[in-house]
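J.: what's the 3D shape of this:
(one chain, ligands or ions: 1)
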Amino acid sequence: MAPSHEPVGQPVELRTARLLLRQWRDDDRDPFAAMNADPAVMEYFPAALDRATSDAMLDRLRAGLADRGWGLWAVEVLDGGELAGFVGLAPVGDDLPPAPGVEVGWRLAQEHWGRGYAAEAATRVLRYAFEDLALPEVVSFTTVRNARSRRVMEKIGLAHDPARDFDHPRTVGWSGQRHVLYAVARGAWLAPTGARTCSPG
Ligand SMILES: CC(C)(COP(=O)(O)OP(=O)(O)OC[C@H]1O[C@@H](n2cnc3c(N)ncnc32)[C@H](O)[C@@H]1OP(=O)(O)O)[C@@H](O)C(=O)NCCC(=O)NCCS
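T.: Residues are numbered from 1 along each chain as shown. A predicted model of the protein is given here:
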């Protein structure tokens with residue numbers, strides 16, 4: 001669909017203590033495809049991605065960032081410059097029960113798990129969503145069994161809202177079709193709790 005406004009061209013970059021969230025580049029294609037082909041990374045998705053599908057996804061993420069200025073950013077480890085994966089924001093698809101809204105999401109290559117990168121980057125992204133974009137709410141959802149991702153949602157301040165759980169309409173017939181919905185409202189997230197310490201950038 002054509003954008004309803006002029007593309008911004010130069011997307012926002014975000015930084016944390018250890019990470020740079022930036023626009024996608026062509027030299028990201030190889031590590032992005034390796035991540036998307038890894039069965040462990042894709043355990044909670046219906047299928048891993050082949051090279052063409054991965055490349056097409058990178059093109060979509062890049063176009064989304066160029067169009068809006070924000071989106072699902074490439075996450076680069078500042079120390080060494082390696083691509084760790086993506087973290088960022090995406091409008092919820094019109095066909096999904098949580099729509100309309102904006103979701104926060106993530107996918108990291110396995111060698112970068114367990115270092116707190118997802119929560120660190122996503123905390124920075126939420127600050128951008130609420131302080132800069134002034135979104136009223138950010139949601140996140142995943143298949144019920146994805147405990148690692150649900151833990152990230154909790155760590156960054158989202159809460160499970162069982163009344164909004166749903167069967168994902170694009171995964172009919174898959175054992176993971178049931179999805180849990182987590183959400184946080186702007187006012188609640190910005191309230192001074194002293195808990196937003198993992199992202200000084
Ligand atoms: C989900 C993902 C981004 C997490 O990345 P990460 O950088 O390792 O996340 P963090 O280190 O910030 O936090 C992970 C948390 O989950 C916890 N965790 C790890 N394995 C877990 C498990 N099996 N069950 C419950 N919690 C688990 C960790 O202990 C940590 O919590 P803690 O800091 O309280 O100890 C990464 O595992 C990933 O890319 N997974 C595949 C893609 C995916 O599922 N994306 C989400 C789709 S909605």
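J.: Tell me how far the residue of the chain positioned farthest from its centre lies from Arg29.
T.: Within the chain, the residue lying farthest from the chain centre (C-alpha atoms, centre = their mean) is Gly173, at 24.7 Å. Per C-beta to C-beta, to the nearest Å, Gly173 is found 31 Å from Arg29. Yep, even glycine has a C-beta here, placed from its N, CA and C like the rest.
J.: Likewise for Ala47?
T.: From Ala47 across to Arg29, the span is 19 Å (C-beta to C-beta).
J.: Looking at the two, which has the bigger crowd around it?
T.: Neighbour count, other C-beta atoms under 10 Å: between Ala47 and Arg29, Arg29 has more, with 16 against 9.
J.: tell me which strands and helices the helix ranked longest in the chain is in contact with?
T.: In the chain, with assignment by DSSP state H, the single longest helix is helix 51-68. Packing partners of helix 51-68 (3 or more C-beta pairs under 8 Å, 6 or more residues apart in numbering; DSSP states H and E): helix 29-37, strand 72-77.
J.: looking at those, which is buried most?
T.: Of all these, strand 72-77 has the most neighbours on average by mean count of other C-beta atoms under 10 Å, namely a mean of 24.
J.: is it anywhere near the ligand?
T.: No. Judged by C-beta under 6 Å from any ligand atom, strand 72-77 stays clear of the ligand, getting no closer than 9.6 Å.
J.: helices or strands next to that strand in the packing?
T.: Looks like strand 72-77 contacts strand 19-22, helix 51-68, strand 83-91, helix 117-127 (3+ C-beta pairs under 8 Å, 6+ apart).
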